[in-house]
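Enquirer: Have a look at this prediction, sequence included:
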Amino acid sequence: MAWTQVRYHKRLTFTLAQALSTRLITNALVAKADEIVLGTVELHEGSFTDVQPGITSLAAAENWGGDYLIPGLVELHTDNLEKQLEPRPGVRWPALPALLIHDALISSSGITTVLDAMGVGDFDETSVRAQGLQAATQALHHARQQDLLRAEHLLHMRCEIACDNMLEVVTPFLDDPTVRLVRSWITRPDNANGWTCRASAFTPSATSAGATSISSKW
């Protein structure tokens, strides 16, 4: 089986087995590292194998009608999982269905890697942050093991240092390979601006001497 690219006449030849596992997308605006081209993309077993400018007339190719094809987006901080755990005040949703709803919303937005922000430490012991952390992380591990997720989900631990039990709660998670960002956070009253939030972030695998730290105030 072969197809000819209409404008650039590049010929590609596949075996029957390759053809059954090959997908072609054409007439797409492909975002490359340094330019956007109208072209055709070949995928084999789920991986991109070729990008060529121009449009193919092969009937099996998916015509995207000039839509954009871009790399997956990376979301470093979203509270959407906590929102799905408590969709309305006082309403708690089971952790696994909440995670799957969150995953569907994230992936449909073009996000392929997400760091799910989970609050660590809360003055209200009945809050979703205080009670939902363990259930949410267990659901995440289960969903990853069962291949239930469309996007890659990692954890972003937001640690409220004003809470007495913060270190006790977060410490068991520091060896979890899905935890990729740990952020210390303090919220305090400010006479001029209402509330001031200070935050610093580091990767849990880094040593204290070599950790990359980001600090901010707003």
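Expert: Everything's here; your move. Numbers count the residues shown, from 1 in each chain.
Enquirer: low-scoring pLDDT stretches of this protein, where are they?
Expert: Along the chain, segments meeting pLDDT under 70 span 1-20, 187-218.
Enquirer: Let me see the domain layout of it.
Expert: Here the domain parsing of the chain from automatic domain parsing is 2-69, 73-217.
Enquirer: Grab the most central residue of the chain for me.
Expert: The centroid of the chain falls nearest to Val114 when counting by Cα atoms, centre = their mean (1.9 Å).
Enquirer: So which residues of this structure form helices?
Expert: Counting by DSSP state H, the chain has helices at residues 16-20, 80-85, 95-107, 128-145, 166-170.
Enquirer: Run through the residues that contact the closest residue to Lys32 other than its chain neighbours.
Expert: The shortest distance from Lys32 to any non-neighbouring residue, by Cβ to Cβ, 6 or more residues apart in numbering, is to Val51 (7.0 Å). In this view, the C-beta of every residue, glycine as well, is placed from N, C-alpha and C. If you count contacts by Cβ atoms under 8 Å, 6 or more residues apart in numbering, Val51 has them with Val30, Lys32, Val37, Gly39, Thr40, Val41, Glu42.
Enquirer: any idea which of these is closest to Cys163?
Expert: Distance to Cys163, by Cβ to Cβ, is smallest for Lys32 among the contacts of Val51, at 46.2 Å.
Enquirer: Is there a neighbour count for the closest one? I'd like the number.
Expert: Neighbours of Lys32 under the rule other Cβ atoms under 10 Å: 12.
Enquirer: Distance of it relative to Glu62?
Expert: 19 Å (Cβ to Cβ, to the nearest Å).
Enquirer: Mean neighbour count, the helices of the chain: which tops it?
Expert: Mean neighbour count, computed with mean count of other Cβ atoms under 10 Å, is highest for helix 80-85 among those, reaching a mean of 22.
Enquirer: Touching it from outside, list them.
Expert: Helix 80-85 has contacts (Cβ under 8 Å, 6+ apart) with 92-93, 95, 98-99, 101-102, 105-106, 116-119, 128-129, 132, 135-136.
Enquirer: neighbours around Asp164, how many?
Expert: When neighbours are counted by other Cβ under 10 Å, Asp164 registers 9.
Enquirer: Need the phi and psi values for it.
Expert: phi -60, psi -30 (degrees, to the nearest 10).
Enquirer: Please list all residues in contact with it.
Expert: Per Cβ under 8 Å, 6+ apart, neighbours of Asp164: none.
Enquirer: Appreciated, that's everything.
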